[in-house]
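1. build me a model:
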Amino acid sequence: MVVASSFSGLAGYQPFDEPIIVIAGAAALLLCLHQLLGFYDGSRSNPVERFRDRVLAALIFSTPIAIMMASHVPLPLAIVAFALLSCLQIVTESITSAVARQLLVNADLWREPVLLIGADEETSALAKTLDAAPDGAFRPVGVFTPEAWSAATAVRPGVGRESIGLRNHSDTFRHVECALLVSSGDQRRDMQLAAEIDLPSVIILREIGALQTLWLQPRSIGNAFGIEVRRSLLVARNLRLKRAFDLVVAVPLAIACLPIIAAGALAIFLVNPGNPFYSQLRIGQNLRPFRVWKLRSMYRDAEPRLAAHLATNPAAQREWLNHFKLSRDPRILPIIGALARRSSLDELPQLLNVLRGEMSLVGPRPFPDYHLASFDREFYRLRASVTPGLSGLWQITERSNADLSAQKRLDTFYIRNWSIWLDFWILMHTLPAIVMARGAR
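-> Here you go, the predicted model:
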């Protein structure tokens, strides 16, 4: 709206005689779009889906404005206005929704109250997990075994929460509309119990290991029901899309970062004379080794310093074996080295690796062979099936705080659940993670 008004003066055109009416109409359109895209049921959707819907809403909202402007201003201006308006809306809505969500979390109004139904051990573990995540989707208010639930609802079958057995807890359960049913492993029994739970929504939970959990598609084939699990990174057109995205972003980003890289290289040379750049062999896709480039943030004799430090410090040795990083690393150059690592400026030369196709903007970080040797063979092969990345899922959540198990869990999630939206979402969160230096070492 603001962009449209600012450009209108350039062409001597006043597009809106009643701006208040237009603003009100735009706000109503946004509310309708958000409702259609399920924004107001956000506690059950995952962050990547919410981000995708937010982008789609911005594009839908900005398109008619750009089309209207195109008939009154030069086309390039209309395209710029479309891009600016879409980006402004995405950023603004991301910030306001994050603030609103945090306020609801602080007031304990974000999470949806749910009942947990299943075996004691599984429901107790699930309850602890949900209680430990105040910004999660669900807040458990009652736990039942299947037998206890059947007994509680046996007096008046089919009326669930209003039965005599639950009436003593009516204040607790009055607003509960969802139950989480932990699978017993018997599909027929699970479906029968789900049909007996008289609540508007029942979610059957079943452990599926490292399989895909995002973007699942239900399929009905004849009388059978199934879930389609996709390996999107094995689809050729998806790989071409990912590569095109890498080039569109990496080329201008590399040009823009050249002065920063040059300034960093000069500062490193002044602190510790020698080549300010550093390369190391890493394992890439299909186990192909390649050289990854960095600004040198360590002393030139870094390896002897590390060996001497680990030999005399058992605590540091244990930390190294768990993370392959140290919170107090004797190899790091003073000031410039710590700054480069905390801000990830030392990683900028890897844009060259991205341009050469050895890396992607987003993906599992490329590890040296000694690091990969600490993982089991199955995960080793899974990692080798994809192109390593400049940023990844554990870089925006844990960074250097991630131990080997966290690295495996987060990288497996990324590979199994990849979509271009997940890449967008990770890149959107990379800069805040760097600025806030979460887990940086």
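
2. OK, contacts around V249?
-> Taking C-beta atoms under 8 Å, 6 or more residues apart in numbering, we find V249 in contact with L361, L427. (Each C-beta comes from the backbone N, C-alpha and C, glycine too.)

3. mind checking how far it is from V235?
-> When C-beta to C-beta, to the nearest Å is the yardstick, V249 and V235 sit 21 Å from each other.

4. again, but for N322
-> From N322 to V235 the distance is 36 Å (C-beta to C-beta).

5. please apply the same query to L422.
-> When L422 is compared with V235 (using C-beta to C-beta), they lie 14 Å apart.

6. more neighbours: which of the two?
-> L422 (22 against 12; other C-beta atoms under 10 Å).

7. tally of neighbours for the closest residue to the more buried one other than its chain neighbours?
-> Nearest non-adjacent residue to L422, counting by C-beta to C-beta, 6 or more residues apart in numbering: V48, 5.4 Å away. Number of residues near V48 (other C-beta under 10 Å) recorded here: 18.

8. can you check L393 too?
-> Using other C-beta under 10 Å: L393 sits among 26 other residues.

9. surely it touches T412?
-> No: taking C-beta atoms under 8 Å as the definition, L393 is not a contact partner of T412, at 9.7 Å.

10. tell me which helix or strand the residue nearest to L422 sits in.
-> Using DSSP states H and E, the element containing V48 is helix 47-70.

11. equivalent analysis for L104, please.
-> helix 75-106.

12. which elements pack onto that helix?
-> On a contact count with 3 or more C-beta pairs under 8 Å, 6 or more residues apart in numbering; DSSP states H and E, helix 75-106 meets helix 2-8, helix 47-70.

13. swap the cut-off to 10 Å and go again
-> The contact analysis (3 or more C-beta pairs under 10 Å, 6 or more residues apart in numbering; DSSP states H and E) places helix 75-106 against helix 2-8, helix 19-36, helix 47-70, helix 420-436.

14. relative to helix 47-70, how tilted is it?
-> Helix 75-106 runs at 150 degrees relative to helix 47-70, counting by axes from the mean of the first three to the mean of the last three C-alpha atoms, to 10 degrees.

15. quick one: secondary structure of V114?
-> At V114 the chain is in strand, as set by DSSP: H, G, I helix; E, B strand; the rest coil.

16. any chance you could map the helices in the stretch 101-250 of the chain?
-> 120-131, 146-152, 164-167, 170-173, 187-196, 236-271 (DSSP state H, counting those that start in this stretch).

17. am I right that I396 is in a helix?
-> No: read with three-state DSSP, I396 is coil and lies in no helix.

18. okay, now the unreliable bits of the chain?
-> 1-27, 30-31, 33-45, 153-172, 209-210, 399-402, 435-441 (pLDDT under 70).

19. between the helices of the stretch 101-250 of the chain, which gets nearest to M359?
-> helix 236-271 (8.5 Å; C-beta to C-beta).

20. gap between the residue nearest to M298 when sequence neighbours are not counted and A338?
-> Using C-beta to C-beta, 6+ apart and skipping the chain neighbours, the partner closest in space to M298 is R331 (4.1 Å). Relative to A338, R331 is positioned 11 Å away (C-beta to C-beta).

21. which neighbours do the two have in common?
-> S297 (C-beta atoms under 10 Å, 6 or more residues apart in numbering).

22. residues in contact with the nearest residue to R139 once chain neighbours are set aside?
-> In this structure, R139 finds its nearest non-sequential neighbour in R111, 3.8 Å apart by C-beta to C-beta, 6+ apart. When the contact criterion is C-beta under 10 Å, 6+ apart, the partners of R111 are 43, 104-105, 130-131, 133-141.

23. write the PyMOL selection for whichever of these are buried.
-> Typed into PyMOL, the line below selects the buried ones among the contacts of R111, using 16 or more other C-beta atoms under 10 Å:
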select buried, resi 43+130+137+138+139+140+141
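
24. shouldn't T213 be in contact with L205?
-> No: under the criterion of C-beta atoms under 10 Å, T213 is not in contact with L205, lying 11.3 Å apart.

25. of these two, who's got more company?
-> Neighbour tally, T213 and L205, criterion other C-beta under 10 Å: the higher count belongs to L205, 16 against 12.

26. where's that one relative to E122, distance?
-> 9 Å.

27. mutual contacts of these two, please.
-> Counting by C-beta under 10 Å, 6+ apart, the contacts common to L205 and E122 are L116, V182, S183.

28. narrow those residues to those that are buried.
-> Burial by neighbour count, 16+ other C-beta under 10 Å: within those this picks out L116, V182, S183.

29. and of those, the nearest to P388?
-> Closest approach between the buried ones among the shared contacts of L205 and E122 and P388, by C-beta to C-beta: S183, at 35.4 Å.

30. what sits against the closest residue to the closest one other than its chain neighbours?
-> Spatial nearest neighbour of S183, excluding adjacent residues (C-beta to C-beta, 6+ apart): R206 at 3.9 Å. R206 makes contact with L181, V182, S183, S184, G185, Q187, D190 under the criterion C-beta under 10 Å, 6+ apart.

31. pick out the most distant pair among the residues you listed.
-> V182 and Q187 (13.4 Å).

32. common neighbours of these two, please.
-> Joint contacts of V182 and Q187 (C-beta under 10 Å, 6+ apart) are I204, R206.

33. distance of the closest residue to I67 other than its chain neighbours from F61?
-> In space, not counting the residues next to it along the chain, I67 is nearest to A78; the distance is 8.0 Å by C-beta to C-beta, 6+ apart. Distance, A78 to F61, using C-beta to C-beta: 15 Å.

34. and the two? which has more neighbours close in?
-> With neighbours defined as other C-beta under 10 Å, A78 and F61 compare such that A78 has more, 21 against 17.
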